[in-house]
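K.L.:
Give the three-dimensional model of this entry:
(one chain, ligands or ions: 1)
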Amino acid sequence: MNYNVDKKGYYGDFGGAFIPEMLYPNVEELRQNYLSITSDPTFKREFDELLKVYVGRPTPLYFAKRLSEKYNTKIYLKREDLCHTGAHKVNNTIGQILLAKRLRKKRIIAETGAGQHGVATATVCALMGIECIIYMGELDIKRQAPNVARMKMLGAEVRAAQSGSKTLKDATNEAIRDWINNPVDTHYIIGSVVGPHPYPDMVARFQAVISEETKWQLEDVEGREYPDYVIACVGGGSNAAGLYYHYLNDERVNIIAVEAAGKGIESKESAATSALGKEGIIHGSKTLLMQTPDGQITEPYSISAGLDYPGVGPMHAHLFRSQRAEFISIPDQEAMDWGLILSQMEGIIPAIETAHAFAALDIRKFSSDEIVVFNCSGRGDKDLDTYIDYFKL
Ligand SMILES: *Cc1c(COP(=O)(O)O)cnc(C)c1O
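P.N.:
This next block holds a predicted model:
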């Protein structure tokens, strides 16, 4: 079994590029060039250097002593929350902006839901002095005012998507429309391991720096470069893909993926795609997604905006279908509780997305000699208002 993308852009039954004909030249240009550009030594040098001096990599692999004692196992946190801008997303936007420059693009577009990917994109556009347009649902613009302000401050133009439910999928439609109209000078930065091939593979490769570092960091402290478990939350799946990447074909490593159950799997207000999803096409790729019996995409729900997505990337659909990874889902309430637990046991206030991953400790038992690595995908500053409301702080 192979867990990486194949030559045709598929992970098992999932992936591919299901796109309107008018997008074909854009996607094809990327497909033909992404591997040769990103494997070029000067690209690699520039990427590595920016990750080091701008993002702050390598991020620490932190041994969580108090958590480890309580759960009687060896728990490590990969500290992506310490990246510049507060989460893993910037690893990908740095990679894509360097790629866009080499393709001589003059203009960057992106879609954003909660605004995290919009901020990461606006950040790297400021860094490179490139025009930046962020599409965002009108409703999300109202809900995520601080991130809208950040994007504007970074010099990006935020355009409201007024159609449909005025949320992420409508913003995505607007971004795609823009790309069709500006095929030559524009690059579209997608924020997770979703979208038509080659995006899922390209984004996974940029995020793979997470497990590349984890390998030598574990070797340093434990004398072996592989853990027994890697655990990450899955929205679209990019932070998870980054942590899993170099362990995908290492059967000694167990993979756990944590989705958001929202108000419960049966509640109709959920984002647990593996439990609720069926095969279908979303954002140009064949994957698992939540849909009505006649194939309309259903509106997902999670208290964490970053996990509030109706599909998963095709790599994760394949990991689920092949049973290479174990998928679990965590309701809002337990995730919020874990936001407090991690804060008070380790002094780390996590993003609510990230807090979902840690709730795996309540579901799965690990033995005292096992090594468990969690991806600490982001910090909780952006979620402070939600924490305040929820806990009446
Ligand atoms: C966006 C986000 C996620 C979810 O996105 P993935 O592509 O699944 O990683 C998870 N954690 C944080 C902190 C995020 O900002």
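
K.L.:
ok, A260 to V312 distance?
P.N.:
Going from A260 to V312 by C-beta to C-beta, to the nearest Å gives 11 Å. Yep, even glycine has a C-beta here, placed from its N, CA and C like the rest.

K.L.:
next one: Q32
P.N.:
27 Å.

K.L.:
Give me the more crowded residue out of the two.
P.N.:
Per other C-beta atoms under 10 Å, whichever of Q32 and V312 has more neighbours is V312, with 33 against 11.

K.L.:
OK, contacts around the more buried one?
P.N.:
Residues near V312 by C-beta atoms under 8 Å, 6 or more residues apart in numbering: 194, 234, 236-237, 259, 273-274, 277, 287-289, 320.

K.L.:
ok, and of those residues, which contact the ligand?
P.N.:
Contacts with the ligand within these, counted by C-beta under 6 Å from any ligand atom: 234, 236-237.

K.L.:
any idea which of those residues is least confident?
P.N.:
For the ones next to the ligand among the contacts of V312, the weakest pLDDT value sits at G236, with 95.

K.L.:
tell me the contacts of the nearest residue to that one once chain neighbours are set aside?
P.N.:
In space, and not counting its chain neighbours, G236 is closest to S192: 2.7 Å by C-beta to C-beta, 6 or more residues apart in numbering. For S192, the contact set (C-beta under 8 Å, 6+ apart) comprises 117, 203, 235-238, 309, 313.

K.L.:
Just the pLDDT for S192.
P.N.:
Note for S192: predicted pLDDT of 96.

K.L.:
What distance do you get for it to I210?
P.N.:
From S192 to I210 the distance is 14 Å (C-beta to C-beta).

K.L.:
in the protein, what residue is nearest the ligand?
P.N.:
G378 (2.3 Å; C-beta to the nearest ligand atom).

K.L.:
My guess is that residue contacts I352. True?
P.N.:
No - using C-beta atoms under 8 Å as the test, G378 is too far from I352 to be in contact (9.1 Å).

K.L.:
any residues in contact with both of those two?
P.N.:
Joint contacts of G378 and I352 (C-beta under 8 Å, 6+ apart) are G306.

K.L.:
who in the chain is up against the ligand?
P.N.:
By C-beta under 6 Å from any ligand atom, the residues of the chain that approach the ligand are 87, 89, 116, 192, 233-240, 306-307, 351, 353-354, 377-378.
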